[in-house]
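Participant: I'll drop the sequence and a predicted model, then ask my questions.
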Amino acid sequence: MNVRTALVTGASSGIGQATAERLVAEGFRVYGTSRNPAAIPAGARVDGVRYVPLELGSAESAEQCIAEVGAVDVLINNAGESQNGPLEDLPMDAIERVFTTNVVAPVLLTQLVLPGMRQRGYGRVVMVGSMLASFPLAYRSSYVASKAALKAFSTAARGEVAPFGIRLVTVEPGSINTGISERRTKYIADNSVYGPDFQQVLDALDQNEKRGISAERVAHTIVSVVLHRRPRSFYAVGSHAPLVFAARRTLTEGGINRLSNLSHGLRR
Ligand SMILES: NC(=O)c1ccc[n+]([C@@H]2O[C@H](COP(=O)([O-])OP(=O)(O)OC[C@H]3O[C@@H](n4cnc5c(N)ncnc54)[C@H](OP(=O)(O)O)[C@@H]3O)[C@@H](O)[C@H]2O)c1
C-alpha cells in the first residue's frame, strides 16, 4: 500500500507535536509546520517529521507550504491563536487576525488540498476546534466565534466531499495541558471596567489547563479519526466531554452559557 502523507499545522508544540508523533508511529509520511522551523527546540522535534514553514496570517505562505509538501492525504488544521479579552476592548485588527489564523487560513489550506484528495478518492481533514465553541465563555468571544466558524465550515461542507472519499471532521479539545496559557493573546483596555472579571476567567482557564489532560490523549483521538473508515463529523475530548455534552442536551442555550461562565468563577 502507498504511504499516505499527513500535514499537521502547528507541530512545534502541544497537540500538533503529539499528533505528528503519533502519525509517524502509524506509518504516515508526516510534514509539520511552524512559523519558524529552525527555531523549534531539539526536544520538541519529532524524529521522522519534516518541518516546513507556515504563517497562517499569509495566504502566500499557505500556498507555498502546500506547494512544498505536494500531495496531502491527511490535513490536520491544528495551529491556532488563543485570544482573550472583553468584547468592548478587543481591537478590530486582533479580531481580524484571530479569524484569519483560526478560520480563513485553515479553510484556504483545505481548499488547496481538496482537488488532489478528490482525484485520489481519499482524504481526511481534521479541524481542531475547542469545546468553548460548544460552551461559550465570557471574555473569549473572538476565540469562541472563530472556533464555532471553523466547525461550521467543516460540518456544512462535509456532504460536498463525502462522495469522493473525503471526510471533514471537527475535534473539540477541552482543557489540555500544553502550556498554551503562556501563549494566550490578551487584550484589555487600561482601567477597563471588565478588569477583575477578566482576570478571574484567565485564572480559571490557567488552573483548568494545568489540570487538563495531556496532548497525547487528544492526539490519540485525532489519529483514531484519521484511521477510521467512517469517522463521525464531530468528536470532543477532555474536560469530561461525555458527561458535559450529555448534560448540554438537557439545557437551554442560556443555561449552557451560564454553566460555562459559572465553571470559570463568573455568576452570569
Ligand atoms: N490547549 C488547550 O487547552 C486547547 C483547548 C482547546 C483547543 N485548543 C486548540 O488546539 C490547537 C493547538 O493548541 P495547543 O494547546 O497545542 O497550542 P500550542 O502548544 O500553543 O501550539 C500552537 C501551535 O500553533 C502554531 N501557530 C500559532 N500561531 C500561528 C500562526 N499565526 N501561523 C502558523 N502557526 C501558528 C505554533 O507554531 P509556531 O509558534 O512554531 O509557529 C504552535 O505549533 C489550537 O488550535 C488551540 O486553539 C487547545
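Facilitator: Noted; the coordinates are in hand.
Participant: right, and residue 135 touches residue 256 too?
Facilitator: Yes. The pair residue 135 and residue 256 passes the contact test of Cβ atoms under 8 Å, sitting 6.0 Å apart. All C-beta spots, glycine's among them, are computed from the backbone N, C-alpha and C.
Participant: same drill for the two, tell me which one is more crowded.
Facilitator: Taking neighbours as other Cβ atoms under 10 Å, residue 135 and residue 256 compare with residue 135 leading, 23 against 18.
Participant: which residues do residue 135 and residue 256 both contact?
Facilitator: Overlap of the contact sets of residue 135 and residue 256 (by Cβ atoms under 8 Å, 6 or more residues apart in numbering) consists of residue 248.
Participant: which parts of the stretch 101-250 of the chain sit against the ligand?
Facilitator: 101, 128, 130, 173, 175-176, 178, 180, 183, 209, 212, 215 (Cβ under 6 Å from any ligand atom).
Participant: filter those down to the buried ones, PyMOL style.
Facilitator: Buried members of those can be picked out in PyMOL with the line below, counting by 16 or more other Cβ atoms under 10 Å:
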select buried, resi 101+128+130+173+175+176+178+180+209+212+215
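Participant: can you name the two of the residues of the stretch 101-250 of the chain next to the ligand that are farthest apart?
Facilitator: Farthest apart among these by Cβ to Cβ are 101 and 212. That separation is 21.7 Å.
Participant: residues touching the closest residue in space to residue 74 that isn't next to it in sequence, list them.
Facilitator: Leaving aside its sequence neighbours, residue 74 sits nearest to residue 6 (Cβ to Cβ, 6 or more residues apart in numbering; 3.9 Å). Applying Cβ under 8 Å, 6+ apart, we find residue 6 in contact with 20, 23, 28-31, 72-76, 226.
Participant: in helices, which of these appear?
Facilitator: 20, 23, 226 (DSSP state H).
Participant: I'd assumed residue 17 was in contact with the second one.
Facilitator: What that stands for is residue 23. No. At 11.0 Å, residue 23 and residue 17 do not qualify as touching, with contact defined as Cβ under 8 Å.
Participant: isn't there a strand covering residue 230?
Facilitator: No. The assignment for residue 230 by DSSP: H, G, I helix; E, B strand; the rest coil gives coil, which leaves it out of any strand.
Participant: which pLDDT value belongs to it?
Facilitator: Note on residue 230: pLDDT of 96.
Participant: and the gap between it and residue 162?
Facilitator: Distance, residue 230 to residue 162, by Cβ to Cβ, to the nearest Å: 10 Å.
Participant: what about those two, which has more around it?
Facilitator: Neighbour comparison, residue 230 and residue 162: the larger count goes to residue 162, with 13 against 6 (by other Cβ under 10 Å).
Participant: just say helix, strand or coil for the more buried one.
Facilitator: Per three-state DSSP, residue 162 ends up helix.
Participant: pull the longest strand from the chain.
Facilitator: In the chain, with assignment by DSSP state E, the single longest strand is strand 166-173.
Participant: buried stuff in that one?
Facilitator: 166-173.
Participant: hang on, the earlier thing: quick one: the residues of the stretch 101-250 of the chain next to the ligand as TSV, columns for secondary structure too.
Facilitator: Shown next, in TSV, are these (three-state DSSP):
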residue	secondary structure
101	helix
128	strand
130	coil
173	strand
175	coil
176	strand
178	coil
180	helix
183	helix
209	helix
212	coil
215	helix
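Participant: pLDDT for the residues of the stretch 101-250 of the chain next to the ligand - can I get that in JSON lines?
Facilitator: Formatted as JSON lines, those follow (pLDDT from 0 to 100):
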{"residue": "101", "pLDDT": "98"}
{"residue": "128", "pLDDT": "99"}
{"residue": "130", "pLDDT": "98"}
{"residue": "173", "pLDDT": "98"}
{"residue": "175", "pLDDT": "97"}
{"residue": "176", "pLDDT": "98"}
{"residue": "178", "pLDDT": "97"}
{"residue": "180", "pLDDT": "94"}
{"residue": "183", "pLDDT": "96"}
{"residue": "209", "pLDDT": "96"}
{"residue": "212", "pLDDT": "97"}
{"residue": "215", "pLDDT": "98"}
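Participant: perfect, that will be all.
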